[in-house]
Every structure is written in C-alpha cells, then in structure tokens.
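Asks: Quick one, what's the 3D model for this:
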Amino acid sequence: MTLVVERITVDTTNLQVFLEVIVYLFFSTLVLLAVIDAKTMRLPDPLTFLLLILGVIFSPIEPGNRVAGMVGASGLLFAIAEFFRWYRGTDGLGFGDVKLAAGCGAWVGLPNVGPLLLVSATLALLGALCARGIGVGAPSSQAMPWNLRRIAFGPYLGFGTIVMAALQSMQVLT
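Replies: As a prediction, this is how the structure comes out:
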C-alpha cells in the first residue's frame, strides 16, 4: 500500500486568528463565570466544562503540563474542601470552584498552580476584608456572623488566572 502526500500549505494567518478567538473565548468564559458566581454563588457546569476543554486543548502550555496543571489545581482545591468539610462539618468550597480550578490550572500549567492559588486566595482575603469593612456579603449570609459568611471564590480564581496568564505572556513566568 502506497500513501501519496501532496504538498500541504497552511495559512498561518487563519491559524493565528483562530487561536486569538480561542483565547478571547477562554477569557470571556472566565469573566462570565466570575460574574455568575459573584451574583449567584454557583458556577454552571456547561461553562466550567467549556473552560476546561478550552484550557486542555488550546492552552499555550505544553500538553503534559496542561493535564498536570488541571489535576494539580483541582486536586489541591478538592483536598482543601474535603479537609474543611471534615474539620468544620460544613462545606467551605463548592465543587464548582474545584472544576473552575481545573480549567484555570490547565491554562497556566502545573508550575504556576501554586502561584495561581496564592494570588487567588490573597485576592479573596482582601475582597473579604474590604467587604467586611463596608458591610456587604452574599445576600444569603447578611444576617450571619462575619466568620460564617460565604464569599464566591470563582471571581478571585478567575482574576488570578488572568494575572498569571498576563505574567506568562510577558515571560515573567514560564
């Protein structure tokens, strides 16, 4: 059996436009998820799975690193959520945040999962302190004592991913 391959030309302009559209779609989905989570304390599965698929397939990180970043970020948040549930007897982190972390981890890669979660957690802490200072919180938790109030982690994880991706594109991080 003989296979004849003709000369194949690839128009890199169209490929570049396609990749730019994918990046725009990834970050638009990330922002949309952040807004939804901030308003409803929920992260819809179709959007988190879209983000995960885009991150795994189109991230600028090498493929093995994408999968490792996905597993590392989601595994770490899952472990934190389970520990909190065991320690406090209640949920402290929703599973939507774990799925969102998987998509974000796939985009930034395993070496940047630690910094991603550090930036996101720091932003969440600053946001919670600011909210406490001006007396706001999730509508369902307004009457609760401050230490029992809930905050949406998705917006902070999304913004942390944008920060990390920007640092990667400037080649500050690998």
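Asks: gap between Met70 and Gly94?
Replies: According to Cβ to Cβ, to the nearest Å, Met70 stands 18 Å off from Gly94. C-beta coordinates here come from the backbone N, C-alpha and C atoms, glycine included.
Asks: Pick out whichever of the two has more residues nearby.
Replies: Between Met70 and Gly94, counting by other Cβ atoms under 10 Å, Met70 is the more crowded of the two (25 against 19).
Asks: Just the mean pLDDT for the host helix or strand of that one, thanks.
Replies: Taking DSSP states H and E as the criterion, Met70 maps to helix 63-88. The average pLDDT for helix 63-88 rounds to 95.
Asks: Would you mind listing the buried residues in it?
Replies: Of all the residues in helix 63-88, those buried under the rule 16 or more other Cβ atoms under 10 Å are 65-70, 72-74, 76-78, 80-81.
Asks: Make TSV out of those residues and add distance to Val17.
Replies: Below are those laid out as TSV (distance: Cβ to Cβ, whole Å):
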residue	distance to Val17
Asn65	25
Arg66	22
Val67	27
Ala68	29
Gly69	26
Met70	26
Gly72	32
Ala73	29
Ser74	31
Leu76	35
Leu77	34
Phe78	37
Ile80	39
Ala81	39
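Asks: State the pair within those residues that is farthest apart.
Replies: Farthest-apart pair in the buried residues of helix 63-88 is Asn65 and Ala81; separation 24.0 Å (Cβ to Cβ).
Asks: what about Ala106, distance to Leu129?
Replies: Counting by Cβ to Cβ - Ala106 and Leu129 are separated by 30 Å.
Asks: quick one: which of those two has more around it?
Replies: Ala106 (32 against 9).
Asks: Where does the prediction get shaky in the chain?
Replies: Applying pLDDT under 70 to the chain flags the ranges 1-12, 133-148, 174.
Asks: need the contact list for the most centrally placed residue in the chain.
Replies: The chain has Cys104 as the residue nearest its centroid, 3.2 Å off, counting by Cα atoms, centre = their mean. With contact set as Cβ atoms under 8 Å, 6 or more residues apart in numbering, Cys104 has these partners: Leu30, Leu51, Gly55, Ala73, Leu116, Leu157, Gly158, Gly160, Thr161.
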